[in-house]
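Engineer: Provided below for reference: sequence and predicted model.
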Amino acid sequence: MKHRAGFTLLEVLVALAVLAIAMSAIIRAATQSIETVSVLREQTFASWVALNQVNQLLLDAKPWSEEGSRAGKADLAGRAWRWEARFAKTEDPDLRRVVMTVRAGENGPELSKLMAFRATPPKEPPPAKPPNAAGQPPAPPTPKPAS
């Protein structure tokens, strides 16, 4: 009998099985990568919403409440995001804390959480002494010599 060149059926089946296993692993890794990118994208947008809402609260002239919460919706990247701000006292009576949480929907998972602090504005500053006739600020008082 002559020996023919080529692969046997068994060799072809084994090669196909190895190829199928390798391809399924590659497809699984690619799918996980795509899912991770999607989650990271949502978390990034949620953190931007949290930063925007905290900055709006910090720029607001009204003082924060002692305790309580506010909630609302914000639009970013073509989506509506649900945010909630929880206010709380701190050990310092002049300092308030807010914890901002952001979700993709009404009952969705928490995607971002941000904590910020705000001090109460100081009371009226003492009146400044008017400058003298030369336009210079008044000189500090000189100490009296001890007698």
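Structural biologist: Here it is on my side, so go on.
Engineer: please count neighbours and contacts with C-alpha atoms only from this point.
Structural biologist: Will do.
Engineer: how near is Glu84 to Arg96?
Structural biologist: 16 Å (CA to CA, to the nearest Å).
Engineer: where in the chain is pLDDT low?
Structural biologist: 1, 125-126, 129-131, 133-135, 137-139, 146-147 (pLDDT under 70).
Engineer: mind listing the strands for it?
Structural biologist: Taking DSSP state E as the test, the strands found in the chain are 68-76, 79-89, 95-103, 110-119.
Engineer: quick check: which of those strands is nearest to His3?
Structural biologist: The minimum distance between His3 and the strands of the chain falls on strand 110-119, with 66.1 Å, by CA to CA.
Engineer: tell me which residues are up against that closest one.
Structural biologist: Outside strand 110-119, the residues within contact range by CA atoms under 8 Å, 6 or more residues apart in numbering are 42-43, 46-47, 50-51, 54, 58, 94-104.
Engineer: buried residues in that strand?
Structural biologist: Neighbour counts over strand 110-119 (16 or more other CA atoms under 10 Å) mark 111-113 as buried.
Engineer: okay if I get those as a markdown table plus distance to Glu124?
Structural biologist: Putting the buried residues of strand 110-119 into a markdown table (distance: CA to CA, whole Å) gives the following:
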| residue | distance to Glu124 |
| --- | --- |
| Leu111 | 41 |
| Ser112 | 37 |
| Lys113 | 35 |
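Engineer: let me know the closest of those residues to Pro143.
Structural biologist: Nearest to Pro143 among the buried residues of strand 110-119, with distances taken as CA to CA, is Lys113, at 55.4 Å.
Engineer: and the closest one, how far is that from Phe87?
Structural biologist: Counting by CA to CA - Lys113 and Phe87 are separated by 13 Å.
Engineer: quick check: neighbours shared by those two?
Structural biologist: Residues touching both Lys113 and Phe87 by CA under 8 Å, 6+ apart: Val99.
Engineer: from the chain's centre, how far out is stretch 110-122? Work that out for me.
Structural biologist: 11 Å (CA atoms, centre = their mean, to the nearest Å).
Engineer: same question, stretch 67-79
Structural biologist: Stretch 67-79 sits 13 Å away from the centroid of its parent chain (CA atoms, centre = their mean).
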